[in-house]
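Engineer: pasting a predicted model and its sequence here:
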Amino acid sequence: MVEIEYKNTRVKLGASDLVYEPAEDSFLLADAALEEAEPGMHILEIGAGSGFVSAVLRANVKGIRVLATEINPHAALCAKANGIDVIRTDLFRGLKPKNQQASFDLILFNPPYLPTSKEEKVPGWLNYAFDGGASGRETLDRFLGEVRSYLKPGGKILVLISSITGLETVKTKMEKMGFGVDVVGRKKVSFEELMVVRGKLL
């Protein structure tokens, strides 16, 4: 199994045709998460893929509890091999809202954020990592529709989007949901700019 090393963390990767391989978006979200995470926090990563971001957090921030969800069975196995507690489910479906065990200080999500037509879909489970629907926001919108039920008062979210996703549209939606919103990470990559958007419950 191929491994990569990043910030004191060795992460096993699955087959590249089955599991999304950490890339610039993964590194940007991991760096932003390291800035937000504090000892004692209960953290949830939605759509953890190989478990890269959660593994980096666990290796670098002491005293945190990290749980992850992942819909792709191959990625969920990979995350487990990286020592991550992972539930194989779609977004929050395997968690009970308003439950103390499912109430988090910080929730992370690197959704599929590229607009995707039927012709652009990738065969198999890997499509869940790329297919943002026609708008590029379909999975993110589902996430935002549920996330408040899993946050503690004053809790925060970090979501990774692309300039193609539409920053102002995402910010407006988050503000209407009661979040204070700002951008805490940016990286220009080829034809797009990747951004980490932070939302804090007001």
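Structural biologist: Nice, I can see it.

Engineer: for the worst-scoring helix or strand of the chain on mean pLDDT, buried residues please.
Structural biologist: Among the helices and strands of the chain, helix 127-130 carries the lowest confidence by mean pLDDT, DSSP states H and E, at a mean of 83. Residues of helix 127-130 classed as buried under the neighbour-count rule (16 or more other CB atoms under 10 Å) are Tyr128, Ala129. From N, CA and C alone the C-beta is placed, and that goes for glycine too.

Engineer: contacts for it?
Structural biologist: Outside of helix 127-130, the residues that reach it under the criterion CB atoms under 8 Å, 6 or more residues apart in numbering are Tyr20, Gly47, Gly49, Ile71, Asn72, Ala75, Pro112, Leu114, Thr116, Lys121, Val122.

Engineer: quick check: mean pLDDT across the helix ranked longest in the chain?
Structural biologist: The residue-count maximum for a helix in the chain (DSSP state H) belongs to helix 24-36. Per-residue pLDDT values across helix 24-36 average out to 97.

Engineer: how close does Ala55 get to Tyr113?
Structural biologist: 22 Å (CB to CB, to the nearest Å).

Engineer: now swap in Gly49 and tell me
Structural biologist: Plainly put, Gly49 is 14 Å away from Tyr113 if you go by CB to CB.

Engineer: could you do Ala32 as well?
Structural biologist: In this view, Ala32 and Tyr113 are 15 Å apart by CB to CB.

Engineer: Val53 too?
Structural biologist: Here the criterion is CB to CB. By it, Val53 lies 15 Å from Tyr113.

Engineer: how about Ala37?
Structural biologist: 22 Å.
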